[in-house]
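Trainee: Predicted model, plus sequence, below.
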Amino acid sequence: MDIPTDLTLAQRERLPEALRVLLDEIPRNAWPTHNNFGGMVEFWLQRHLMFRELLERLETEAQDRLDNKFDAQGYGARLSRLGGFFLQQLHGHHQIEDTHYFPQLTKLDTRLVRGFDILDADHHALDGLLNDFATGANAVLQAPEKTARDATGAFGAQLVTFKGFLNRHLLDEEDLIVPVILKTGFDG
């Protein structure tokens, strides 16, 4: 798929207007009271919230380590557990979307096919960022005491960047997918 540079995850500020047609019809503030809210939509939004909260916690704990609120061993155990969970869950989430949900949702409103192509390209970009996340976390876990602070600081900065990209993707995914589900009653 060929995604213009201005629509890549690293460049775009939001989805193009042509892909926001259903969002204009069913804006975010109307979602919770929509007849088809619940089930699939609620589950999807809860998963996205979980990813945001996990990243926020990882970022906070990296800063707490820099502020000496955790010792190296305690922080390492927390990072290993929480970071591993985050990586596993986000990767699995994207696999299910790419192989199951996106192909089905694309058929429900063909005007949005390009949007699903963009989201799929995001997943590929995020795979690289997830790999960088794992590399950064492993650098912290394996760092000798004299370089542990630098590794943790670098990982913390990496989390801030990653959080920006993930949030852009999640917002765009919600703006595209939730209105489709609400309009069609799709239940997966």
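Mentor: Structure's in. What do you need?

Trainee: per-residue confidence at the most far-flung residue of the chain relative to its centre?
Mentor: In the chain, counting by CA atoms, centre = their mean, K146 sits farthest out from the average C-alpha position, at 32.9 Å. Each residue has a pLDDT score; the one for K146 is 90.

Trainee: I'd like the numbering to begin with 721 instead of 1 from here.
Mentor: All set: I'll call the first residue 721, so the last point we hit is now K866.

Trainee: Any buried residues in the host helix or strand of it, and which?
Mentor: Element membership of K866 [criterion: DSSP states H and E] is helix 865-904. Across helix 865-904, burial judged by 16 or more other CB atoms under 10 Å covers 868, 871-872, 874-876, 878-879, 882-883, 886, 888-890, 892-902. For every residue, glycine as well, the C-beta is placed using N, CA and C.

Trainee: do the same with stretch 734-752
Mentor: Judged by neighbour count using 16+ other CB under 10 Å, the buried positions of stretch 734-752 are L735, L739, R740, L742, L743, I746, W751.

Trainee: would TSV of those with pLDDT and secondary structure be doable?
Mentor: Shown next, in TSV, are the buried residues of stretch 734-752 (pLDDT from 0 to 100; DSSP: H, G, I helix; E, B strand; the rest coil):
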residue	pLDDT	secondary structure
L735	93	coil
L739	93	helix
R740	92	coil
L742	93	helix
L743	93	helix
I746	96	coil
W751	96	helix
